[in-house]
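A.B. asks: Pasting a predicted model and its sequence here:
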Amino acid sequence: MDKNRRTHKEAKVVVTGVGMVTPLGIGKEEFGRRLFAGECAIDVIKAFDTSSFKSHLGAEVTDFVPRDFISVKNLRRMDRTSIMSTTAARLALDDAGIKINEENRDRVGIILGTSFGATDVTVQFAGTLLAEGPAFVNPILVPNTVMNAPAGHASIELGFRGVNTTVTHFAVSAETALAYAVEEIRRGTADFVLAGGVDILSKFYYEALTRFRSLSPLDGSKEACRPFDEARNGIVVGEGCGIVCLESWESAVARGRQPYCEIKGFGLGSSPTSPTAWPDDPAGMKQTINRALENAEIRARDIQAIYAAANGGKVLDAVEVEAYAEIFMDLEKQPSITSLKGALGESFSSGGIRACALALSMGKNIMPPTVGLIKPIKPLGFVAGDKREMRINNAILAGISFGGTYVYLVFANCDK
Amino acid sequence: MNKSKRIVITGLGTLNAIANNIPEFVRALQEGFCGIKAIDLFDTAEFRSKNGGQIKNFTARDYIPRDFSIKRMSRADMLSFAATLEALRDAGLYPLPDLIKGKMGVAIGGGSGGLWEAESFYIEILKKGVRKVKFSKLSSVYCASSADRIASSLGLMGPKTTFMTACSAGATAIGYARDLIVNDHASIMIAGGVEPMCRITYAAFNALKSVDPEVCRPFDKNRNGLSLGEAAAVMVLEPLDNALNRGAKIYGEILGYGVTCDSFHMTAPDEQASGAVRSMRAALKDSGLSIDNIDYINAHGTATTVNDVMETKAIKEVFGKRAYSIPVSSTKSMHAHTLGAAGALEGIVCVLSLQNGFIPPTINYRDEDPLCDLDYVTDGVRYTPLRTVLSNSFAFGGNNTTIIFGKYAEGGVGNG
């Protein structure tokens, strides 16, 4: 085994760049401003007709001009997930002040998570094949039916050639990618790793979610996304891509960059759950949070902030609250908890965008509010109504998926 | 070297075109058995090719005891779960002791997942209209379903991840799983890959005209493309000291892996071979081995015109003059290209080669190609003791993974 391999005790991994294409804007200035102002990006879907469905809301990426970010030559070959990912990757590199060149390109990589991939292209390809026959399928579509297309396209457009991987695990795809990227920096296989997640809205995918009875309004009342609220009645689906740029602390210092924060550790776990159901018991969540705390070498009382996974779903939000209540209830000072999904909807690989937001939060010491939260399920430290200015030393980014998979990452402030 | 950080393979399981279990696979690899035959899973009349490496005689209940529900499982889920059970039995871990479930996880390389089932779902939509179709049939369509079903069926509470880097996914899953154990995120890992045959994937490769209408001939002058196959391939990985303490049979050791990216083209490999060269070098560096240590190379060897020349060039660049004295074979000539499972299946080939002291041949080879001038083991199986073997997996999107396995020896490789 490589003797230069370092453990987390020796290598400090920091976030030095963020890039995002989201329903709340593209790039950190617009996104940050609207996020901390408590804006909501959820509206009636415009990209396709929802009149035959019971749900009509979504959080769509709008006012996005890909040509501003991607060369025309490569753009022609890209699907929507690839366009968003390549844009977010470019923004993250720019934000981190990294220019790809001959010297560094083999040491820059990307690890991307996607929950459902290019649902638009896959349905188009399968539709032609099955309705018209093999002679009619378009070979140009093929590369984009594969989930690793976004990371591949990003590498071609931006020119980096280091570690390149795509992971999928439903709603923890992006968090899994982030955790893997942290280990790759610790392991020294790359100097810079871009990590995050992407998912898009498409009509067939939206219809599938309505048919799986996931979307608000499940109880027939007003359609809305209300994370942690007693009146929550289902998910509102979103889309977008968020990518952070990770590197070692030494590398950031040598380049004279002040990082947003450190990713201090993470925990991975699961609990036996039916693959299409959300876990109905907090045991797996608690176990994995404890693993994350142990890996980061901190205690529950060191956590000031939680970026929750709650998406307004009946089961997930209640069980997630239960897990935090059991871990943090006895503490004198409760951590502040927020969920961005009230503003951004549930994009499943939302962990990339939420990681970018948390990095901005830690840089500014501000927690954004949980949009849509009025009456919380339990009296925990929810941030609702308005943003909260507060010192954040350590924060948790929660990734929870149906099927019972958990990834919790510990972010730490590194300006102390 | 820290003994606790050595990760060994203690169980194997597979179903593929030439074997429905490991003992059959050991025999078939030595006999040079060709599993590429006429496909009868679906009608191939309209396709350029008619052949493929299909798993024969798979009835799930012959492999999966009635204690486990297979009701909602896709063919991919059933194949991977069947291979997992074989690997666990082989490792002496079945039935699974409750004590080890807490930090035992699953990492699977996926490909087509439940697309085979999705096809019949889609055909039903075309016939009856979307309102009349049960969407629950799509509950296993995504690749992450296989890892979820393995974990929930067995009651595992460790990490769960699915890799989606097409043809390198299985290899990356194994490398990643090793690191999860090294870094103490998991105690034991089930790692591998699964790829079911399906019409959509078959149509995609036919549309790209990358399939040989007959059988693939890796490294042959008149090679004309790959043959598609299906497989499930699973390994049980654990720390050496754990394996020694419980007196487990040790197949071999994972010495290192490397992941790189071409940043060149979505479906064509970089003819300069830079990505392949760097991935082999990264794996050598990770394993702390020199080029003199490698006794056999299990090639990616897809039999496409470009890959085989590119891979040959890459091996020569990495190994210099020694390239000519290292046997290189492509077992895809026997079991076909199993895409998402390929890296894991060929990983098993490597481990079996190490354990049994044989080099499996490249079959279907007839005419020498001046551009492919290495020793491709075209004259049948060779019996020779092996210490370390290297396996290449290169994929769409320019994703390259190389993994190095070693025969287990008490003091580490070279001391045995």
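C.D. replies: Received the coordinates, thanks.
A.B. asks: Show me what the helix or strand harbouring residue B:25 is packed against.
C.D. replies: Counting by DSSP states H and E, the element that carries residue B:25 is helix B:22-31. Applying 3 or more C-beta pairs under 8 Å, 6 or more residues apart in numbering or on different chains; DSSP states H and E, one finds that helix B:22-31 makes contact with strand B:7-16, helix B:342-356. In this view, the C-beta of every residue, glycine as well, is placed from N, C-alpha and C.
A.B. asks: any low-confidence regions in the stretch 301-416 of chain B?
C.D. replies: B:412-416 (pLDDT under 70).
A.B. asks: Enumerate the residues of it near chain A.
C.D. replies: Within reach of chain A by C-beta under 8 Å from any C-beta of the partner chain, the stretch 301-416 of chain B has these residues: B:395-399.
A.B. asks: With respect to chain A, which of those residues is nearest?
C.D. replies: Closest approach to chain A among those (C-beta to the nearest C-beta): residue B:397, at 3.0 Å.
A.B. asks: mind listing the strands for chain B?
C.D. replies: Ranges of strands in chain B, per DSSP state E, are B:7-16, B:36-38, B:51-53, B:104-109, B:160-163, B:188-195, B:231-239, B:252-261, B:296-298, B:328-329, B:358-359, B:382-383, B:388-395, B:399-406.
A.B. asks: Between helix B:342-356 and the fourth one, find me the angle.
C.D. replies: For strand B:104-109 against helix B:342-356, the angle by axes from the mean of the first three to the mean of the last three C-alpha atoms, to 10 degrees is 110 degrees.
A.B. asks: Partner strands of strand B:104-109 and their direction?
C.D. replies: Using DSSP bridges, the strands paired with strand B:104-109 in its sheet are strand B:160-163 (parallel), strand B:188-195 (parallel).
A.B. asks: what's the burial count for residue 112?
C.D. replies: Using chain A here. 34 (other C-beta atoms under 10 Å in any protein chain shown).
A.B. asks: ah, no, chain B please
C.D. replies: As a burial measure, residue B:112 scores 28 neighbours (other C-beta under 10 Å).
A.B. asks: Pretty sure residue B:137 sits against residue B:122.
C.D. replies: No: with contact defined as C-beta atoms under 8 Å, residue B:137 does not count as touching residue B:122 (10.0 Å).
A.B. asks: More neighbours: which of the two?
C.D. replies: Comparing residue B:137 with residue B:122 by other C-beta under 10 Å, the one with more neighbours is residue B:122, at 23 against 17.
A.B. asks: Can you give me every residue that contacts that one?
C.D. replies: Going by C-beta atoms under 8 Å, 6 or more residues apart in numbering or on different chains, residue B:122 touches A:126-127, A:130.
A.B. asks: In PyMOL, select just the buried ones from those.
C.D. replies: For the buried members of the contacts of residue B:122, the matching PyMOL selection, counting by 16 or more other C-beta atoms under 10 Å in any protein chain shown, is:
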select buried, chain A and resi 126+130
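A.B. asks: Go back to the contacts of residue B:122 and keep what's next to chain B.
C.D. replies: Among the contacts of residue B:122, the ones lying near chain B by C-beta under 8 Å from any C-beta are A:126-127, A:130.
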